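Visitor: Here you go, sequence then predicted model.
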Amino acid sequence: MANRDGILALEQAVGAAVLGQSEVIHHVLVALLADGHVLLESLPGLAKTRTVKALASHLAATMSRIQFTPDLLPSDITGAEVLQQDADGRHHIEFQQGPLFGNLVLADEINRAPAKVQSALLEAMEERQITVGGVTRPMPELFMVLATQNPIEQEGTYPLPEAQMDRFLMKIRLDYPGAEDEMAMLALLREGSSASGADAMRLSQEELFACRREAEALYVAPAVDRYVVDLVNATRRPADYDADLGRWIQIGASPRGAISLDRAARAHAWLAGADFSSPDDVRAVAHAVLRHRLHLSYDAVADGITAEQVIDRLLDVVAVPA
């Protein structure tokens, strides 16, 4: 746990720049430790972009921001081969990297990108590589996509395909801050404080990778593995566990959901200073890991049942190991 202090300092530094979103920041750091991608969803103005910028300013990493629009092309994000001229007049083809090659990639309003751009992003997220001109190029060792989307403004958008949604380790929802936090926010901005600065703490990539290795090495008991599998299986055969779940869930989580639950739970346990992952760690990350992996039935939508309520019921009916 020698490196845990650095991550806790990072969490505190980001929290000082983004007020009223402590749970969101914690989940983003869990995803960072678990080497996963994050989908941030909220109404406009709730600090999605500020959270990513604050994280990048306190991490020794490059940040790229891509504003997704309907006219975006795959080469706009991956880069392209460009004809260049040498000093002696000779021409050659040179690959110019796109913004996707950053360490932290802010994909702003990702659901405004057409399918061909989303497919290019999908390869980078899952395979950690892109292919341009028949040549495959690896992404940086530290590579995390933090995508944002607005849940209410759907005109001119392209809903993310299920295959891409499943690539996000977590879907994190941001809500309005409390009144006291909002007053502190006004004072912070009035003073001209910024999330960045020459004297700001910065966690090195080597320190982050060391933290990841420690989190990955955390002990997981077979009973906890069984609990993870039981939760995911309950989304696939919901009627075996609860009649209401059988009516609400149309399609459950894939095996990637179980893998993501395990990875996120270990990162959560490590952040808490534990030497092992427990069912409580699984339950702490279950909403963020599963909410975008469940397809609700027409009955659930008609009754106003949300994914949050479905996961709450799952956690109630699936037995917790002793």
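Guide: Structure received. Numbers count the residues shown, from 1 in each chain.

Visitor: Quick one, grab the pLDDT at the nearest residue to residue 219 once chain neighbours are set aside.
Guide: Once flanking residues are discounted, residue 219 sits nearest to residue 276: 4.2 Å by CB to CB, 6 or more residues apart in numbering. Every residue, glycine included, has its C-beta placed from N, CA and C. For residue 276, the model assigns a pLDDT of 96.

Visitor: Contacts only, for residue 276.
Guide: The contact partners of residue 276, by CB atoms under 8 Å, 6 or more residues apart in numbering, come to 218, 219, 220, 221, 269.

Visitor: Can you tell me which of those are buried?
Guide: 218, 220, 269 (16 or more other CB atoms under 10 Å).

Visitor: who's the most centrally placed residue in the chain bridged to?
Guide: Residue closest to the average C-alpha location in the chain (CA atoms, centre = their mean): residue 38, at 1.0 Å. With DSSP bridges as the criterion, residue 38 is bridged to residue 146, residue 170.

Visitor: picking up where we left off before, turn the contacts of residue 276 into TSV, including distance to residue 107 and pLDDT.
Guide: Formatted as TSV, these follow (distance: CB to CB, whole Å; pLDDT from 0 to 100):
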residue	distance to residue 107	pLDDT
218	30	95
219	35	96
220	31	96
221	37	96
269	29	97
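
Visitor: so where's the stretch 51-200 of the chain uncertain?
Guide: Counting by pLDDT under 70, the stretch 51-200 of the chain contains low-confidence ranges at 153-156, 193-200.

Visitor: Tell me where the chain has strands.
Guide: Counting by DSSP state E, the chain has strands at residues 37-41, 63-67, 79-85, 91-97, 104-108, 129-132, 135-138, 144-149, 168-173, 219-220, 249-251, 276-277, 295-296.

Visitor: Run through the helices of this structure in chain order.
Guide: 4-17, 22-33, 48-57, 74-78, 115-127, 162-165, 179-190, 205-216, 222-236, 243-248, 255-271, 279-290, 298-302, 307-317 (DSSP state H).

Visitor: mean pLDDT lowest for which of those?
Guide: helix 162-165 (a mean of 82).

Visitor: Residue 283 touches residue 315, doesn't it?
Guide: Yes. Between residue 283 and residue 315 there is a contact under CB atoms under 8 Å: 5.8 Å.

Visitor: thinking again about what came up before, can I get the buried ones among the contacts of residue 276 in CSV including distance to residue 102?
Guide: What follows is the buried ones among the contacts of residue 276, written out as CSV (distance: CB to CB, whole Å):
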residue, distance to residue 102
218, 29
220, 32
269, 29
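
Visitor: ok, back up a step: mind pulling up the pLDDT for the residue nearest to the centre of the chain?
Guide: For residue 38, the predicted pLDDT is 96.

Visitor: which residues touch it?
Guide: 27, 28, 31, 144, 145, 146, 147, 168, 169, 170, 171, 172.

Visitor: run the last query once more with 7 Å
Guide: 28, 31, 146, 168, 169, 170, 172 (CB atoms under 7 Å, 6 or more residues apart in numbering).

Visitor: For residue 29, see how far away the last one is.
Guide: Counting by CB to CB, to the nearest Å, the separation of residue 172 from residue 29 is 11 Å.

Visitor: more neighbours, these two?
Guide: residue 172 (27 against 20; other CB atoms under 10 Å).

Visitor: From residue 232, how far off is that one?
Guide: Taken as CB to CB, the span from residue 172 to residue 232 is 20 Å.

Visitor: Kindly list the main-chain dihedrals of the residue of the chain positioned farthest from its centre?
Guide: Distance from the centre of the chain peaks at residue 88, with 47.2 Å (CA atoms, centre = their mean). The phi/psi pair for residue 88 (degrees, to the nearest 10) reads phi -90, psi 10.

Visitor: Tell me which residues touch it, please.
Guide: So residue 88 contacts nothing (CB under 7 Å, 6+ apart).
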